[in-house]
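# I would like to see how this sequence folds:
(3 chains)
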Amino acid sequence: MAAMTRPIERLHALGLELPSAPAALASYVPSCLVPIGADRALLFIAGQVPISDGVLMTGRCRVPEDVERGRQAARRCALNILAQIEAAVGLDNVIQVAQVNGWVLSGDDFRDQPQVMDACSNLLVEVLGEAGRHTRTALGTSSLPRGVTCEVNATVVVRVPA
Amino acid sequence: MAAMTRPIERLHALGLELPSAPAALASYVPSCLVPIGADRALLFIAGQVPISDGVLMTGRCRVPEDVERGRQAARRCALNILAQIEAAVGLDNVIQVAQVNGWVLSGDDFRDQPQVMDACSNLLVEVLGEAGRHTRTALGTSSLPRGVTCEVNATVVVRVPA
Amino acid sequence: MAAMTRPIERLHALGLELPSAPAALASYVPSCLVPIGADRALLFIAGQVPISDGVLMTGRCRVPEDVERGRQAARRCALNILAQIEAAVGLDNVIQVAQVNGWVLSGDDFRDQPQVMDACSNLLVEVLGEAGRHTRTALGTSSLPRGVTCEVNATVVVRVPA
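Numbers count the residues shown, from 1 in each chain, chains lettered A, B, ... in the order given. Reported below is the predicted structural model:
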């Protein structure tokens, strides 16, 4: 791995391709860049859902056995976050993922949201290295848009031209 | 519309009046201004609920037919966000709405949170123009303070005096 | 109180001890410091749960009588937020708590999330003074990690060395 320093190479080494960045479907935008001085900016990323080739991953996590299905959805959200970063400023310009908030569609008794969200967190670190390590809030909720299994937003510190 | 460049004029053209900014009711404040250099600041806005002339809009969205009622509440949240911006720095000083997070009080099977939140997003754009276009996370939840139909917070980039 | 200007002294005057900052248990970090110029930074703090000496405070708020139990959990979350600030930059370097988001594990009919979260908000102000006054979003949810009674994240403006 030592010679592979670019995020896109790490992604490929994981057998993954970067999807095209999902479009925002309403009066909003997929990301927003806010300069904070010293050639840096905060990149706010809209809530990403687990969409893969146009198909949404749906269904509630009710029991511990549902964790693995949840993890696949959370990993897909991470991939779409990476796609949004690439589309906005390029993955090579990530300084640090500052914040990740993830909501898992859950039955009332489901308590394993952290295990689900770990799949999202892990992919960010696998692809971005230490720059992918972030503060996180893992939450459950009873309903999500179109019944998706999870939804994740993020705030990322990035390099921008002076 | 070309001649109406001020947000308050656009608001009036929509037949709307800016309400007074709802007070925060506890040990918190309705907004917080954080300078980020170059005469700009992040304005954090507390979660706004659909209160209109002191009356809360309450009730859960359960079926698609409830979308319209949800939209009225979401639009009211947007109006209160605009009121908070006006009270803090003035609507004319908005550079960009960076982030909007909205929670819709939902039945377990309600999946149309984006359609509800579009009413909030649309009003921000109608009043602020391109500066109102934001990243968004639309979420469902099973319970909200005092049973309100939705709750929305926002982070806005604004101009501040040097 | 006039002579006690340091947050840690105010904390002790309340009969409280600062716990050690809870470790993040996965591929994430408990806090992230983002410089924003003029010797200041945004400190993002991961979602804190009500853990006290290794024991989690769990259980749902269903009826108004559960508010007091919820408040104890919310106060514990505030204490852990303070511990994270202390570990990251020191409580004496807080300029302003900008944003607090709190989720209360709730029955569908529970509407008193603000009263629960006030216990969190109040402690921040009691310990940090005016610098602890923040924008807040109080939310209910149907499920949380390991069944905790509430979860709270925060964003804080802090002083950092030039």
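# around chain B, pick out the residues from chain A.
Taking C-beta under 8 Å from any C-beta of the partner chain, the part of chain A that reaches chain B is made up of A:24-32, A:34-37, A:42, A:44-47, A:101, A:103, A:141-147, A:151, A:153, A:155. Heads up, the C-betas are built off the backbone N, CA and C, glycines and all.
# get me the contact residues on chain A for chain C.
Residues of chain A lying near chain C by C-beta under 8 Å from any C-beta: A:36-38, A:40, A:42, A:96, A:98-101, A:106-114, A:117-118, A:121-122, A:124-125, A:133-142, A:155, A:157.
# let me see the backbone angles for the residue lying closest to residue A:86 once chain neighbours are set aside.
In space, and not counting its chain neighbours, residue A:86 is closest to residue A:18: 5.9 Å by C-beta to C-beta, 6 or more residues apart in numbering or on different chains. Residue A:18 has phi and psi values of phi -80, psi 120 when expressed as degrees, to the nearest 10.
# what's the distance between residue A:18 and residue C:85?
36 Å (C-beta to C-beta, to the nearest Å).
# quick one, which of those two is more surrounded?
Set residue A:18 next to residue C:85 and count neighbours by other C-beta atoms under 10 Å in any protein chain shown: residue C:85 wins out with 27 against 18.
# may I see the buried residues of stretch A:20-37?
For stretch A:20-37, burial by neighbour count (16 or more other C-beta atoms under 10 Å in any protein chain shown) applies to A:21-22, A:24, A:26-34, A:36.
# state the pair within these that is farthest apart.
Spanning the widest gap among these are A:26 and A:36, at 27.2 Å by C-beta to C-beta.
# so which residue is dead centre in chain A?
Compute the mean C-alpha point of chain A, and by C-alpha atoms, centre = their mean the closest residue is residue A:78, 2.7 Å away.
# grab the longest helix from chain A for me.
For chain A, the helix with the greatest residue count under DSSP state H is helix A:67-88.
# pull the CA atoms of that helix into CSV?
Output of helix A:67-88 as CSV, limited to C-alpha atoms (Å, rounded to 0.1, in the frame of the first residue of the first chain):
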residue,chain,number,x,y,z
VAL,A,67,-26.5,-5.4,10.6
GLU,A,68,-24.8,-6.8,7.6
ARG,A,69,-27.5,-5.5,5.2
GLY,A,70,-27.3,-2.2,7.0
ARG,A,71,-23.5,-2.1,6.5
GLN,A,72,-23.8,-2.6,2.8
ALA,A,73,-26.1,0.4,2.6
ALA,A,74,-23.8,2.5,4.8
ARG,A,75,-20.8,1.6,2.7
ARG,A,76,-22.7,2.7,-0.3
CYS,A,77,-23.5,6.1,1.3
ALA,A,78,-19.8,6.5,2.0
LEU,A,79,-19.1,5.8,-1.7
ASN,A,80,-21.6,8.4,-2.7
ILE,A,81,-20.0,10.9,-0.3
LEU,A,82,-16.6,10.2,-1.9
ALA,A,83,-18.2,10.8,-5.3
GLN,A,84,-19.6,14.1,-4.2
ILE,A,85,-16.1,15.2,-2.9
GLU,A,86,-14.6,14.1,-6.2
ALA,A,87,-17.1,16.1,-8.1
ALA,A,88,-16.8,19.2,-6.0
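# buried stuff in it?
By 16+ other C-beta under 10 Å, the buried positions in helix A:67-88 come out as A:67, A:70-86, A:88.
# the longest strand belonging to chain A to helix A:67-88, inter-axis angle?
Scanning chain A for the strand with the most residues, using DSSP state E, yields strand A:94-105. With axes from the mean of the first three to the mean of the last three C-alpha atoms, to 10 degrees applied, the angle from strand A:94-105 to helix A:67-88 works out at 140 degrees.
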